[in-house]
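In: sequence first, then the predicted structure:
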Amino acid sequence: MAKINGNEIKPGFVLEHDGGLWAAVKVSHVKPGKGGAFAQVEMKNLRDGRKLNERFRSEDKVEQVRLDNKDQQFLYESDGKLIFMDSETFDQTELDADLLGDRRPFLQDGMMATIEYYGDEPLSVRIPQKVVCRIVETEPVVNGQTAAKSFKPAILDNGVRVMVPPFVGQDEDIVVNTELFEYSERA
């Protein structure tokens, strides 16, 4: 682990702070008219999901943690646990479905995901940013309505609601951005 100054913290950094592992979500550098500059950091605990806002001055030292990334294949879900397999060693890893949060519906059988480890402890799961889904319910296509920049609601095969352009119809495959939960393009 490396010690860094408080003003070097960037979003995505994993820090050891107050006996826990925290991911920096938002960082804003503040230079008040009176007093020294500081970094206002919004952090999320990687083990229990708690959030914390903390100020770090440039002279504060913080432990930056490096996580190991492993690409693993999703096999199945059982009793609220997600089962992944390492494609090199064929070892299976069991993780809580809560680690994915609201992105859980986008996880598909056989999908490759990146699991971040701290030592032997799995902390988070990253799925691909773009996933192909099928529209199971939406309003019919209306001719002549494609010129306006309007959207209509659609329900995907995984139960997620997204807004799609009017020219996209039912039973079509689309690409969905899993971070923004929005339509990206036709598949």
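Out: In hand now; what should we look at?

In: which residue, other than its chain neighbours, is closest to residue 52?
Out: By the measure of Cβ to Cβ, 6 or more residues apart in numbering, the closest residue to residue 52 outside its immediate chain neighbours is residue 43, 4.9 Å from it. Using the backbone N, CA and C atoms, a C-beta is placed for each residue, glycine as well.

In: thought that neighbour was touching residue 54?
Out: Yes - applying Cβ atoms under 8 Å as the test, residue 43 and residue 54 come out as touching, 6.3 Å apart.

In: higher neighbour count, these two?
Out: Summary of the neighbour comparison: residue 43 and residue 54, criterion other Cβ atoms under 10 Å, with residue 43 having more neighbours (24 against 19).

In: domain parsing for this structure?
Out: According to automatic domain parsing, the chain is divided into the following domains: 2-65, 68-126, 130-186.

In: tabulate these (TSV), appending mean pLDDT.
Out: As requested, these are exported to TSV (pLDDT from 0 to 100):
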stretch	mean pLDDT
domain 2-65	88
domain 68-126	89
domain 130-186	87
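
In: quick check: the spatially closest residue to residue 76 that is not a sequence neighbour vs residue 121, distance?
Out: In this structure, residue 76 finds its nearest non-sequential neighbour in residue 83, 5.4 Å apart by Cβ to Cβ, 6+ apart. Spatial separation of residue 83 from residue 121 under the definition Cβ to Cβ, to the nearest Å is 17 Å.

In: neighbour count for the two, which is higher?
Out: Here residue 83 and residue 121 are set side by side on neighbour count (other Cβ under 10 Å), and the busier one is residue 83, at 15 against 11.

In: which strand or helix spans the more buried one?
Out: Residue 83 is located in strand 81-86, with elements delineated by DSSP states H and E.

In: and for that strand, what's in contact with it?
Out: Contacts of strand 81-86 with the rest of the structure, by Cβ atoms under 8 Å, 6 or more residues apart in numbering, involve 70, 72-77, 91-97, 99-100, 107, 113, 115, 125.

In: residues in contact with the very next helix or strand once past it?
Out: Using DSSP H and E, the helix or strand that follows strand 81-86 in sequence is strand 92-96. With Cβ under 8 Å, 6+ apart as the test, strand 92-96 has contacts from 72, 75, 80, 81, 82, 83, 84, 85, 86, 115, 122, 125.

In: which residues do residue 43 and residue 54 both contact?
Out: Among the neighbours of residue 43, those also in contact with residue 54 (Cβ under 8 Å, 6+ apart) are residue 17.
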